[in-house]
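Engineer: just the structure for this:
(chains A, B, C and D)
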Number of protein chains: 2
Amino acid sequence: MSDFFRSGSKGRTFKAFWDEMGNSVNLKELSQRLQLSQTTVSRALNGYPEVSPATRARVAEMAEQLGYMPNSQARRLATGRSMAIGHVIPRSIHEMMNPIFLEFIAGAGETYSKHGYDMILSVVEDADEEEAYRQIATRKKADGVIIHGPSRTEHRHKLLQGLNLPFVVHGRIPGAEEETSWIDMNNRRAFERATNLLLDLGHTRIALLNGLEYMDFAHRRREGFENALAARNLTADPELMRSADMTEPFGCDNAISMLRLDNPPTAFLVSSMITAIGVARAVGQCGLQTGKDVSIITHDDALSFLPNSGEVPIFTCTRSSVRYAGQKAAELLLDMISDPFQKPSSLHLDAELIIGQSTGPAP
Amino acid sequence: MSDFFRSGSKGRTFKAFWDEMGNSVNLKELSQRLQLSQTTVSRALNGYPEVSPATRARVAEMAEQLGYMPNSQARRLATGRSMAIGHVIPRSIHEMMNPIFLEFIAGAGETYSKHGYDMILSVVEDADEEEAYRQIATRKKADGVIIHGPSRTEHRHKLLQGLNLPFVVHGRIPGAEEETSWIDMNNRRAFERATNLLLDLGHTRIALLNGLEYMDFAHRRREGFENALAARNLTADPELMRSADMTEPFGCDNAISMLRLDNPPTAFLVSSMITAIGVARAVGQCGLQTGKDVSIITHDDALSFLPNSGEVPIFTCTRSSVRYAGQKAAELLLDMISDPFQKPSSLHLDAELIIGQSTGPAP
DNA sequence: ACCTTTATCCAAACCGCTTTGGATGCCAAC
DNA sequence: GTTGGCATCCAAAGCGGTTTGGATAAAGGT
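Structural biologist: Purely as a prediction, here's the structure:
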C-alpha cells in the first residue's frame, strides 16, 4: 500500500485513483499518512489556532491530494449540529403553491449551499405533517425549519416552539407576529395600491380573483382590496369575488362567467400570474381586448418561467420576488441558529406596482 | 428524576413533557430505565428475533411513553447508510425546468417518505455541480442521486460511476442506455403521433416550438416531428422551428412572428403547456381562433397547477405525468440501493394522445 | 539557573447508535 | 450427571469525526 502511494509522484494520481474507486480516505488514514494525530489534523483543517502554519499547510496539501472530505454523519454526530434545514410540504399545500413554492426553495437553497447547509425536503401526507416536524426535531434531522403558507388559524409554530426547533415563517402568523421570525411582503398594501390604480382609471366594478382565503396572504390581499374600495365609499360585490387554488382554469372560468353578467366587471384584480393568464384567455374568448375593454392587474411573484418583464410588461402587476424572499428567509434562519438567544426578527418586503399593457381607463 | 417519572401514570404525560422541553431521550437512558442493555433495546425496536415477545412489548411501550426516536446521524454513522437521496440542481437547469422539476420532485418525495428516506436538495451554481456530486459521494451525504434533464452530451453519469454512487436518470443518456438505469417517456413517438394527427387533419405547414435542443428530450421530440413529416414526403421548414426555454413569452412572441409570415403555419406543435398558453395568446392577438384557424398540440406534463383536464381538455396534448415518473424513478433507485449488484433497469412510459379543443381540420 | 508562559501536538473520551462475540440459564438428550 | 442446543440478554467494539485535558519542548522573565 505504502508502495503504491510512493509510486505516484503527482497528487492528481491519488485523487483520481480514489475517486475512481469511490473509496474515500478517512481522518484516521489521513493522520497516519501524515504521522500526526487525528486531533491535529482535524484542527488544522478546521482552522483552529493551535496548529503551526507549516503543519497546517502540510495537512491541507495531503488532504487535497487524497481527496479527503470528512464524513458528514460523523461530523454531525460529534458536533450535535445537523447542518441541514428542513422543509415540510404537505401534499395539499404543495399542489396549490406549486411554482411559487419551488421558486422560494430555490432562493433558500442558494443561501444554504453558500453556508454549507443542506436542505432536506419532506413531502408528506397532510395527516403526517405534525409527525414530520416531530421527527425532524427529535431525530435531529435538521437544525431548523421553514414554515410555508401559514393559514389564518395557524398552529405549526406552537408545535415548533414546543419542540424547541428554530423556524422562520414565509408569510405571517396572525397574532404571533411578535413572537416569531418571519418574512413577508406587504400584501394588504400592494392590493390596496393596485385597487387604487384601477379606481383612478375610473373602474368601479372590479373583480377579485384571490387565492384560498384561509391562507393569511390571501386574506390580507382581500383586506387591501376592500379597504381601497371603502375609502371611496364603494363596497365590493360578492358576486365579483372568488377564492380558490390559483390555477389557470380558475381564472378563465370565473372571468367568463363574470363577463357574462348583466353588469360585468371592467377590471380584474388577480392573485397570481397563472390565474391572470386564464383571465386574459377568457377576455379573448369573449371577444374583448385586455387593457382596453377589460383591465387586469395581477400579483407577480417573479417566477422565472413566467417572465413578465420587457420594456412594457404584459401585465400590470404588483411584483415581489419570491426567490429573494427565500434567500432572506434562509439567512434569517441561519442567523437564529447561530445565535439561539437572539430575539425574533422579521423582514417586511414591499411589492412594486408596475404598469404594463393590461390596464387602461375604464371604457 | 425517577420520582418524576413514577408520578405520571399515563404515558401521554411523559411524552408531552419531553416534547415541551424539546428534550429527547436517547438509547442509553431508555435502556437504563428498562434495566436492559442498549443491545437488547435496539434489537427489540428494530425487530430482531433474539428478543422475547414480553421484553419487546415492554420496550416498545416505554419507548412510546418517552417518545424515543433514534438519532438519525448516529444511526446513519453506525449503519453506514445515509438513508437519503440527493438531487443536485444547477441554477440554470432549475430556471428552465422549474415547474416540471418540482412536480417530479414531489412524486419522488412521496416515495422517499414512504420508505423512510430523506430527500436532500442542492441548488448550486452551474460550475459547482460536479463538486456537489463529489461531496455527496465522498462525505456520504446520500446513498444515491437522480440525474435531471440529461443533455445530448451528458457526462454526469461517468462521474457518478466513478464515484460509485447509484443513480437513476430522469430522461435518457444517448449512448448509455444499456449501462444506466433511467425512466423516460417516449418523446419521439409522442411527437410523431401528434404530428400525424395534425397531418391527418390536413395541416401541412406545422410549426414546432421546442425546448432547448441540446437537451435529450427536446432532440427526440424534434426527431419524432421530422420523422412524421418525412414519412409523408414533407420536410420541416426551418423558419417554423424554434427552440428555447419553455416560457410563456417564448410561445407568444414566436407564434406572432410566424403567424405574420406570408405563408403562416396552420398548426403548432409545442413542447410545454406554458408555452402553448403563450401561443394561444398570440393566436387571439392576431384575431384568429384556436382550434379553428390555428391548431395547437402541446405536450402536457400533467402539472397540478395547470390542469388540462375536464370533459374536453382545452389543449389537445400528449400527456405523461411527470409526478408519476418521479415516483417510479425513486422506486427504481431505492431498489438499486437495496441490491447493489442488480443490473441497470429502465422504464419507458408512453404518453397518451388526448384530443382537446385546440385542434381541428386545416382551414 | 529556575520557573512560567506559550506554542504544538497527542491520547483518549465522547457523540448515539448498531453489531459482534460471547455469557447465562434452562431444558431435553445420552 | 454431563452435554448440547436454545432462547435471551449483555459488554464492548466499532462507525468517523470533534473536543477535552494534558504532555512536551522551546521561549521568555527575573
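
Engineer: who are the contact partners of the nearest residue to A:Leu349 once chain neighbours are set aside?
Structural biologist: In space, and not counting its chain neighbours, A:Leu349 is closest to A:Met185: 4.4 Å by Cβ to Cβ, 6 or more residues apart in numbering or on different chains. The way it works is simple: take the backbone N, C-alpha and C, and place the C-beta from them, glycine included. Residues counted as contacts of A:Met185 (Cβ atoms under 8 Å, 6 or more residues apart in numbering or on different chains) are A:Ser320, A:Ala325, A:His348, A:Leu349, A:Asp350, A:Ala351.

Engineer: now with 10 Å?
Structural biologist: A:171-172, A:217, A:220, A:299, A:301, A:318-322, A:324-325, A:347-351 (Cβ atoms under 10 Å, 6 or more residues apart in numbering or on different chains).

Engineer: quick check on it: phi, psi?
Structural biologist: Backbone dihedrals for A:Met185, given as degrees, to the nearest 10, come out at phi -100, psi 160.

Engineer: how close does it get to DNA strand C?
Structural biologist: 40 Å (Cβ to the nearest atom of the strand, to the nearest Å).

Engineer: returning to that earlier point: give me the buried entries from the contacts of A:Met185.
Structural biologist: A:171-172, A:217, A:220, A:299, A:301, A:318-322, A:324-325, A:349, A:351 (16 or more other Cβ atoms under 10 Å in any protein chain shown).

Engineer: in strands only, show me the residues you listed.
Structural biologist: Taking DSSP state E, the ones among the buried ones among the contacts of A:Met185 that sit in strands are A:His299, A:Thr318, A:Arg319, A:Leu349.

Engineer: correct me if wrong: the third one contacts A:Leu353.
Structural biologist: Yes. A:Arg319 sits in contact with A:Leu353 when judged by Cβ atoms under 10 Å, with a separation of 8.0 Å.

Engineer: list residues touching both of these two?
Structural biologist: In contact with both A:Arg319 and A:Leu353: A:Ala190, using Cβ under 10 Å, 6+ apart.

Engineer: returning to that earlier point: now, among the ones in strands among the buried ones among the contacts of A:Met185, which is nearest to chain B?
Structural biologist: A:His299 (14.8 Å; Cβ to the nearest Cβ).

Engineer: coming back round to it: filter the contacts of A:Met185 by proximity to DNA strand C?
Structural biologist: Among the contacts of A:Met185, no residue sits close to DNA strand C (Cβ under 7 Å from any atom of the strand).

Engineer: what number of residues lie near A:Glu64?
Structural biologist: 12 (other Cβ atoms under 10 Å in any protein chain shown).

Engineer: check what pLDDT it gets.
Structural biologist: You'll see A:Glu64 listed with a pLDDT of 94.

Engineer: following the helix or strand hosting it, which helix or strand shows up next?
Structural biologist: Applying DSSP states H and E as the criterion places A:Glu64 in helix A:53-66. Remark: after helix A:53-66, the chain's next helix or strand is helix A:72-79, criterion DSSP H and E.

Engineer: just the strands in chain A please.
Structural biologist: A:84-90, A:118-124, A:144-148, A:167-170, A:181-185, A:206-210, A:241-243, A:267-270, A:295-300, A:316-319, A:346-349, A:352-354.

Engineer: Throw those into CSV and include mean pLDDT, thanks.
Structural biologist: Formatted as CSV, the strands of chain A follow (pLDDT from 0 to 100):
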stretch, mean pLDDT
strand A:84-90, 95
strand A:118-124, 95
strand A:144-148, 97
strand A:167-170, 98
strand A:181-185, 98
strand A:206-210, 98
strand A:241-243, 97
strand A:267-270, 98
strand A:295-300, 98
strand A:316-319, 98
strand A:346-349, 96
strand A:352-354, 97
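
Engineer: export these to TSV and tack on distance to B:Ala280?
Structural biologist: Compiled in TSV, the strands of chain A are given as follows (distance: least, Cβ to Cβ, whole Å):
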stretch	distance to B:Ala280
strand A:84-90	31
strand A:118-124	32
strand A:144-148	31
strand A:167-170	32
strand A:181-185	30
strand A:206-210	19
strand A:241-243	22
strand A:267-270	18
strand A:295-300	16
strand A:316-319	20
strand A:346-349	33
strand A:352-354	24
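
Engineer: out of those, nearest to B:Ser338?
Structural biologist: strand A:118-124 (20.9 Å; Cβ to Cβ).

Engineer: leaving out sequence neighbours, find the closest residue to the residue of the stretch 201-350 of chain A found nearest DNA strand C.
Structural biologist: Among all residues of the stretch 201-350 of chain A, A:Pro340 sits closest to DNA strand C, at 16.8 Å; criterion: Cβ to the nearest atom of the strand. Sequence neighbours aside, A:Pro166 is the residue nearest to A:Pro340 in space, at 7.1 Å (criterion: Cβ to Cβ, 6+ apart).

Engineer: before we move on, what about A:Val41?
Structural biologist: Per Cβ to Cβ, 6+ apart, closest to A:Val41 is A:Ser31, 4.5 Å.

Engineer: and A:Ser295, how close does it get to DNA strand D?
Structural biologist: Plainly put, A:Ser295 is 59 Å away from DNA strand D if you go by Cβ to the nearest atom of the strand.

Engineer: just checking, that residue touches A:Thr316?
Structural biologist: Yes. Contact status for A:Ser295 versus A:Thr316: in contact at 7.5 Å, counting by Cβ under 10 Å.

Engineer: what sits in contact with each of those two?
Structural biologist: With Cβ under 10 Å, 6+ apart, A:Ser295 and A:Thr316 have common neighbours A:Leu197, A:Leu198, A:Leu201, A:Ser358, A:Thr359, A:Gly360.

Engineer: I am finished for the moment; much appreciated.
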